[in-house]
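Peer 1: Structure for this input, please:
(one chain, ligands or ions: 1)
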Amino acid sequence: MQGELKIEQSTQLKPKPNTANLSFGVYMTDHMFTMDYDKGQGWHDAKIVPYGPIPMDPAAKVFHYGQTIFEGMKAYVGPDGDIRLFRPEKNFERFNRSCRRMSIPEIDEAFVLNALKELIKLDRSWVPSEPGTSLYIRPFAIATENHLGANPSLNYKMMIILSPVAAYYAEGLNPVRIYVETRDVRAVTGGVGEAKTAGNYAASMQAQENAYAAGYSQVLWLDGVQRKYVEEVGSMNVFFRIGDRIVTPSLSGSILNGITRDSAIHMLRDFGFEVEERPITIDELWQHAEDGSLIEAFGTGTAAVVSPIGEIGWEDKTVKIGAGETGECTRRLYDELTSLQRGDSEDRFGWTQTVCRAETAQS
Ligand SMILES: *Cc1c(COP(=O)(O)O)cnc(C)c1O
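Peer 2: Purely as a prediction, here's the structure:
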């Protein structure tokens, strides 16, 4: 369908940023992957080209109707100097699930994963190797047909861009305060909460801003129908340790099926914890928090991997979890998952894929 992958190397390589101030998603590498779709022809013109702007017509459907989806994943340099991807096949599977929901034509997962590996090889000198740093990978698809009709686009563009990112926790795991949002909802049953699509993010920004203004760093989302069940925290999946059980909301259709969530469930069971995937109400959670049986809480997602929660605010009440400190299970999960991703420890689940050697192997 898309034919062979063409590679056009950049003749003007960019200066590399200082790894000390990478931040998140600020710098892009020298190359990008692009491929186009036209109805009747399918995906075609798959190529790696120098990174740069793309011309867009103001009538392109993505600007008006939000027909777009994306993924987020990371590559890491291990102590052996190999660059590794973490469960990348899961991201492209989910890419296609998101495509189906948003009426975007599916991609050939194996072809695009291979193209991603070629792109990383070409830009391997951009993969940072300092502890905690990584190469963030952003695949996405947009509707490009120039037509204001509100029906599925006949043309699309799929791209992958790469960005070296700093360690999420510069000064160690830091528990955050989260605020229970009771007015806005992120997603509803039957809606697009399960798809990784831009509109879910746009819809969440107002509540996020309000939580910030009130001194919290993330929103704890409740379900969109009864505003009763806990769904996600910010743009992460959420876990609670209640005594020796770990509870995470079951995938309801409005919750994003996180790859870090799935990995955490496997790893926590491997640690010997009982993990329950079930609906959990904010009332039940609050009761456990008040009687002290809620001893740990954390979010999971590619960016932070594991993010400890130290305090919850709900209307005018607040409650601390585990005295506001990072819990032992949260810390162990963070340590073991990040060291497996980097290749510091044995990959006992078969989750990593080696891409190539890094340009400057860490000693
Ligand atoms: C991407 C995302 C997550 C986390 O998924 P991972 O695969 O673990 O990165 C969780 N919630 C939302 C809303 C997301 O967009």
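Peer 1: For the rest of this, base every contact and every neighbour count on C-alpha atoms.
Peer 2: OK.
Peer 1: Check the gap between W286 and I178 for me.
Peer 2: 13 Å (C-alpha to C-alpha, to the nearest Å).
Peer 1: The helix or strand harbouring R177 pairs with which strands, parallel or anti?
Peer 2: Using DSSP states H and E, the element containing R177 is strand 176-180. Strand 176-180 sits in its sheet next to strand 218-222 (parallel), strand 305-314 (parallel), going by DSSP bridges.
Peer 1: what are the C-alpha coordinates of it, in PDB please?
Peer 2: In PDB, the C-alpha atoms belonging to strand 176-180 read as follows (Å, rounded to 0.1, in the frame of the first residue of the first chain):
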ATOM      1  CA  VAL A 176       1.200  16.200  43.800                       C
ATOM      2  CA  ARG A 177      -2.000  17.700  45.100                       C
ATOM      3  CA  ILE A 178      -5.100  16.800  43.000                       C
ATOM      4  CA  TYR A 179      -8.500  18.400  42.900                       C
ATOM      5  CA  VAL A 180     -11.800  16.500  42.300                       C
END
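Peer 1: Show me what the helix or strand just after it is packed against.
Peer 2: Where DSSP H and E defines the elements, the next helix or strand beyond strand 176-180 is helix 198-213. The contact analysis (3 or more C-alpha pairs under 8 Å, 6 or more residues apart in numbering; DSSP states H and E) places helix 198-213 against strand 68-70, strand 218-222.
Peer 1: Would you mind getting the angle between helix 198-213 and strand 305-314?
Peer 2: On the basis of axes from the mean of the first three to the mean of the last three C-alpha atoms, to 10 degrees, helix 198-213 is oriented at 60 degrees to strand 305-314.
Peer 1: and helix 198-213, which residues are buried?
Peer 2: Buried residues in helix 198-213, counted by 16 or more other C-alpha atoms under 10 Å: G199, N200, Y201, S204, A207, Q208, N210, A211, Y212.
Peer 1: Could you tell me the average pLDDT over it, please?
Peer 2: Averaged over helix 198-213, pLDDT sits at 96.
Peer 1: So what touches that helix?
Peer 2: Outside helix 198-213, the residues that touch it by C-alpha atoms under 8 Å, 6 or more residues apart in numbering are 66, 68-70, 178-179, 181, 184-187, 192-193, 217-219, 234.
Peer 1: Mind doing that once more with 7 Å?
Peer 2: Contact partners of helix 198-213, identified using C-alpha atoms under 7 Å, 6 or more residues apart in numbering, comprise G66, T68, I69, Y179, E181, D184, R186, A187, G193, S217, Q218, V219.
Peer 1: Same check on stretch 340-351?
Peer 2: Here stretch 340-351 has contacts from Y76, V77, G78, P79, R84, F86, R87, S339, T352, using C-alpha under 7 Å, 6+ apart.
Peer 1: For the closest residue to the fifth one other than its chain neighbours, give its distance to G78.
Peer 2: Right, R84. Distances taken as C-alpha to C-alpha, 6 or more residues apart in numbering place T354 nearest to R84, at 4.4 Å, with adjacent residues excluded. T354 is 10 Å from G78, where distance means C-alpha to C-alpha.
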